[in-house]
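Colleague: When you get a sec, could you give me coordinates for this:
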Amino acid sequence: SSGINAEYGDISTAVKYGEVTFSQTPLTVGTTATVSCNDGGTLSGAATLTCSSGGVWSDDLPTCSLEPGSCTYADEGGPLASLSPDKTIFSDQEVVTVTCASDNRQTTHTCTNGALSPVVEVCAPGTCTADDIPEGMEVEETVEEYEEGDSVLVYCGNNATRNHTLLCSNMKLIPELDGEAFCETVIDAALHTNLNIFILILSAVCLILID
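Modeller: Sure thing, here's the model as predicted:
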């Protein structure tokens with residue numbers, strides 16, 4: 001069995017306000033799917049389904065419902081926001097604190113009549129600083145901050161040909177780079193290339209002398 005139900009489709013993400021875990025992967029006959037609701041959700045139906053021959057699940061797909069007045073959080077603050085308490089469904093009159101990683105700004109919101117009040121604002125993108133430049137590497141012009149999405153060209157010592165381009169993303173320069181190891185590798189490769197060229201030249205000189 002593929003574990004894909006002809007009626008319900010792929011059930012791994014089919015339960016709104018809930019999640020599905022499987023007893024094994026890849027899915028085969030006998031695999032069980034366990035459905036659980038996110039904090040604040042109520043399960044209706046069978047919590048466990050079994051994959052039978054033909055790729056059909058043993059029971060109807062359960063549902064997760066919210067209590068009247070509950071609020072859901074669908075990443076309104078963006079990827080740089082964290083929540084306390086750390087969940088996505090809040091009961092009526094429950095208080096949630098949203099913290100922005102970029103500036104540690106905190107705002108407090110209350111679930112009222114199915115919506116968080118006041119409305120959650122999107123966190124401002126973070127910045128990267130000169131301190132994020134990999135150790136052992138330099139930049140052509142040092143600036144205090146790099147904006148989200150900026151490309152930063154870093155190079156080894158005074159040799160601009162030994163370089164790598166990094167991207168400021170979510171307050172980090174990516175990919176993460178061990179500058180000293182990178183430069184040593186590049187230098188070793190350059191020395192190896194120069195040595196090969198020297199050997200070729202020396203071989204050519206020897207052939208000329210022999211002739």
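Colleague: E144 and S169, how far apart?
Modeller: As defined by Cβ to Cβ, to the nearest Å, E144 lies at a distance of 18 Å from S169. The way it works is simple: take the backbone N, C-alpha and C, and place the C-beta from them, glycine included.
Colleague: Distance from stretch 116-128 to the middle of the chain?
Modeller: Chain-centre distance of stretch 116-128: 18 Å, with Cα atoms, centre = their mean, to the nearest Å.
Colleague: So for it, what gets flagged as buried?
Modeller: 116, 120, 123, 125-128 (16 or more other Cβ atoms under 10 Å).
Colleague: try stretch 26-34
Modeller: In terms of neighbour count (16+ other Cβ under 10 Å), stretch 26-34 has its buried residues at 27, 31, 33.
Colleague: can you pull out the helices in the protein?
Modeller: Under the criterion DSSP state H, the chain contains helices at 179-210.
Colleague: State which strand of this protein is the longest.
Modeller: strand 159-169 (DSSP state E).
Colleague: Which strands or helices does that one pack on?
Modeller: strand 151-156, strand 172-174, helix 179-210 (3 or more Cβ pairs under 8 Å, 6 or more residues apart in numbering; DSSP states H and E).
Colleague: Could you tell me the least trusted of these?
Modeller: For the helices and strands packed on strand 159-169, mean pLDDT drops lowest on helix 179-210, to a mean of 65.
Colleague: Check what contacts the longest strand of the chain and list those residues.
Modeller: 127-128, 132, 134, 137, 140, 146-156, 173-175, 177, 182-183, 186-187, 190 (Cβ atoms under 8 Å, 6 or more residues apart in numbering).
Colleague: Mark which of those residues are buried, thanks.
Modeller: Of the contacts of strand 159-169, these count as buried by 16+ other Cβ under 10 Å: 127-128, 132, 134, 137, 146, 148, 152, 154-156, 173, 177, 182-183, 186.
Colleague: give the contact list for C64.
Modeller: By Cβ under 8 Å, 6+ apart, the neighbours of C64 are 15-18, 35, 37-38, 41-44.
Colleague: so which two of the residues you listed are the farthest from each other?
Modeller: Largest separation among the contacts of C64 by Cβ to Cβ: N38 and S44, giving 14.2 Å.
Colleague: roughly how far apart are T88 and C37?
Modeller: The value you get for T88 to C37, if Cβ to Cβ is used, is 11 Å.
Colleague: can you put the buried residues of stretch 26-34 in JSON lines and add pLDDT and distance to D59?
Modeller: Converted to JSON lines, those look like this (pLDDT from 0 to 100; distance: Cβ to Cβ, whole Å):
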{"residue": "L27", "pLDDT": "82", "distance to D59": "16"}
{"residue": "T31", "pLDDT": "88", "distance to D59": "14"}
{"residue": "A33", "pLDDT": "91", "distance to D59": "10"}
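Colleague: quick revisit: relative to L66, which of the buried residues of stretch 116-128 is nearest.
Modeller: Using Cβ to Cβ, L116 comes nearest to L66 of those, at 13.7 Å.
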